[in-house]
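Colleague: just need the structure, nothing else, for what follows:
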Amino acid sequence: MITSHHAFICYSDLDKEDCTELFIDYVNRDDLDYFEIEVFGIREARELINKAYRKPVAGKYKIITVKTTKITTEAEQAMLKILEEPPTSAIFFFIIPPDCFLLPTLRSRFLLYEHQFTNEDNKERFLINQEFTNFAEKKYKERMEIVTINITKKDEKWIFKMKEGLTLSVSKLKYKLKPSVLTKLNMILMTLNTRGASNKMLLEELALVLPEEIKL
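Modeller: The predicted structure is shown next:
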């Protein structure tokens with residue numbers, strides 16, 4: 001139920017019409033705000049905060065939806081407080097691709113909304129990919145060999161699959177792993193998405209930090 005929490009992330013391709021259909025049973029149409037922008041920056045974050053503090057036109061809730069491919073660090077920092085202590089009437093719904101990195105402190109404020117896909121291509125793209133699943137299910141030694149092979153080949157597609165898979169799996173594994181392991185995984189993920197980071201070193205660390213033969 002969408003009103004069970006104040007903030008959700010959806011790794012999907014929902015558009016404005018989809019969102020209206022999804023939320024219309026919970027709020028009045030006039031209380032649906034929708035942002036769609038390639039890069040969600042500080043200006044958009046401030047606008048979102050202003051909208052969140054406005055009372056709903058009708059009913060108990062208003063839903064603010066953001067569809068974007070990237071959220072700037074400044075925007076994330078600006079939203080930390082409102083996502084920690086949101087107005088009781090506001091619900092935030094972010095639609096982002098799996099490789100859109102969020103600061104762990106911001107990501108922890110969201111629940112994952114698992115949309116029921118009708119398009120198999122989208123389902124394959126946005127669910128945890130098989131490449132990462134196979135990697136996670138290996139022993140440490142096998143993982144290290146896989147990293148060496150793909151880094152040597154400079155396989156950018158494989159590297160992207162690792163980043164994508166880690167992004168999606170961190171939220172799914174939060175109840176399975178020790179907090180210290182989750183912290184390390186979040187740090188690896190954050191650094192992997194930093195320009196100039198050493199993919200080889202970080203993926204080797206991932207191979208050793210992720211528990212052996214783990215099922216996702």
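Colleague: could you use CA atoms for every contact and neighbour count after this?
Modeller: OK.
Colleague: please verify my assumption that F94 contacts K70.
Modeller: No. In this structure F94 lies outside contact range of K70 using CA atoms under 8 Å: 10.9 Å.
Colleague: and these two? Which one has more around it.
Modeller: Neighbour count, other CA atoms under 10 Å: between F94 and K70, F94 has more, with 21 against 17.
Colleague: checking the more buried one next. Helix, strand or coil?
Modeller: Recorded secondary structure, F94: strand (DSSP: H, G, I helix; E, B strand; the rest coil).
Colleague: list the contacts of it.
Modeller: Contact analysis of F94 by CA atoms under 8 Å, 6 or more residues apart in numbering lists A7, F8, I9, C10, T65, V66, K67, T68.
Colleague: neighbours of the third one, how many?
Modeller: Other residues lying near I9 total 20 when counted by other CA under 10 Å.
Colleague: surely it and S108 touch.
Modeller: No. Using CA under 8 Å, I9 is not in contact with S108, being 10.5 Å away.
Colleague: give me the buried positions along the helix or strand containing L166.
Modeller: Taking DSSP states H and E as the criterion, the element that holds L166 is helix 156-172. Using 16 or more other CA atoms under 10 Å as the test for burial, helix 156-172 gives 158-159, 161-171.
Colleague: go on, stretch 199-216?
Modeller: For stretch 199-216, a neighbour-count test (16+ other CA under 10 Å) marks N199, K200, L202, L203, E204, L206, A207, V209, L210, P211, E212 as buried.
Colleague: now go through those residues and say which are in helices.
Modeller: N199, K200, L202, L203, E204, L206, A207, V209 (DSSP state H).
Colleague: what strand or helix carries L106?
Modeller: Assigning secondary structure by DSSP H and E places L106 in helix 104-107.
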